[in-house]
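[1] dropping the sequence and predicted coords here.
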Amino acid sequence: MLEARDLTKRYEDGLLALDHLNLTVDDGELFCLLGANGAGKTTTINLFLDFIRPTDGKALVDGINVEADPLGAKGRLAYVSENVMLYGSFTARQNLEFFARLAGQAGRSRADYHMILRRVGLPEKAFEQQVKRFSKGMRQKVGIAIAIVKGAPNVLLDEPTSGLDPKSAAELMALLRELRDEGRAIFMSTHDIFRAKEHADRVGIMMEGRLVMVRTRAELEEEDLERLYLEYMEVEALAL
């Protein structure tokens, strides 16, 4: 479970990037956060990862205060960025093995790693190819494979479908639904309104560091998410 309690970040230049965020993402839930660039989505993720420290409030991972016990919290988190950072001279399987060892998951066989890569939909011929030749969609699949092999109960994703073709994006969302159904808490920042409405259990909209709306999937069946989003963006533009 991921929880933000009055989570706040004000940078040294005075910018209030996150303004008393209160949010819980439960086990077995896929939560999508929408918002314009600079709205605070990536700041939220960085606070959960302890890449930056909060000005006020707490980020909790399965009840662990990230600021007080960053290693304990990170042990229960997997992170997939918009541009997955891999070792280009390593093969897909070697990258997976390397990150598994970092996570204390040594002792797996080559067949085990191949099974995970097969699960995420990577072509068999790519298992033992250097990832520097991979497309963005293939790199994202390896990123998801790393999250799976780590076995973390919580997954953070920052714009994971950005730049993907429709087929790759659909495959990625199918994988996230599988992880959600296995009981993981999944937090995803995105600009992809269509896939947020189609796949998320809840969707939030963030503006200027504030969470201004949260709707369940059932509630969004009665509302037009794109219209809601554009209305909030129009209000933000008028306020500038």
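    Ah, there it is.
[2] which ones are touching the residue nearest the centre of the chain?
    Nearest residue to the geometric centre of the chain (Cα atoms, centre = their mean): residue 157, 1.4 Å. Residues near residue 157 by Cβ atoms under 8 Å, 6 or more residues apart in numbering: 79-81, 176, 186-189. Using the backbone N, CA and C atoms, a C-beta is placed for each residue, glycine as well.
[3] now secondary structure too, for these, in CSV please.
    As requested, these are arranged in CSV below (DSSP: H, G, I helix; E, B strand; the rest coil):
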residue, secondary structure
79, strand
80, strand
81, coil
176, helix
186, strand
187, strand
188, strand
189, strand
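[4] out of those residues, who's nearest residue 40?
    residue 189 (9.4 Å; Cβ to Cβ).
[5] what's across from that closest one in the sheet?
    In this entry, residue 189 is beta-bridged to residue 33, residue 158, by DSSP bridges.
[6] quick one: pLDDT of it?
    Residue 189 carries a pLDDT value of 96.
[7] please apply the same query to residue 104.
    Looking at residue 104, its pLDDT is 84.
[8] secondary structure element for it?
    In this structure, residue 104 sits in neither a helix nor a strand according to DSSP states H and E.
[9] just residue 215 next, same as before
    With DSSP H and E as the test, residue 215 turns up in strand 210-216.
[10] what ranges do the helices span in this structure?
    Applying DSSP state H to the chain gives helices spanning 41-48, 70-74, 92-102, 110-119, 136-150, 166-181, 193-199, 217-220, 225-239.
[11] what residues are up against residue 10?
    16-17, 55.
[12] now with 7 Å, please.
    16, 55 (Cβ atoms under 7 Å, 6 or more residues apart in numbering).
[13] residue 2: which of the contacts of residue 157 is nearest?
    Distances from residue 2 to the contacts of residue 157, taken by Cβ to Cβ, are shortest for residue 187, at 5.6 Å.
[14] sorry, back to before: closest to residue 35 among the contacts of residue 157?
    residue 189 (7.5 Å).
[15] pLDDT score for residue 72?
    95.
[16] with residue 138 instead?
    The model's pLDDT for residue 138 equals 92.
[17] JSON lines please, covering the helices of the chain and showing distance to residue 4.
    Shown next, in JSON lines, are those (distance: least, Cβ to Cβ, whole Å):
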{"stretch": "helix 41-48", "distance to residue 4": "7"}
{"stretch": "helix 70-74", "distance to residue 4": "13"}
{"stretch": "helix 92-102", "distance to residue 4": "26"}
{"stretch": "helix 110-119", "distance to residue 4": "30"}
{"stretch": "helix 136-150", "distance to residue 4": "21"}
{"stretch": "helix 166-181", "distance to residue 4": "19"}
{"stretch": "helix 193-199", "distance to residue 4": "19"}
{"stretch": "helix 217-220", "distance to residue 4": "21"}
{"stretch": "helix 225-239", "distance to residue 4": "20"}
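[18] domain boundaries for this protein, per the record?
    2-76+153-239, 86-151 (automatic domain parsing).
[19] next one: the last one to chain centre, how far?
    Mean-position distance between domain 86-151 and its chain equals 18 Å (Cα atoms, centre = their mean, to the nearest Å).
[20] repeat that for the longest one.
    Using Cα atoms, centre = their mean, we find the averaged C-alpha position of domain 2-76+153-239 to lie 8 Å away from the chain's own average C-alpha position.
[21] show residues contacting stretch 18-32.
    Contacts of stretch 18-32 (Cβ under 7 Å, 6+ apart): 1-9, 40, 43-44, 57, 153, 176-177, 180, 183, 185-188, 190, 196, 199-204, 209-211.
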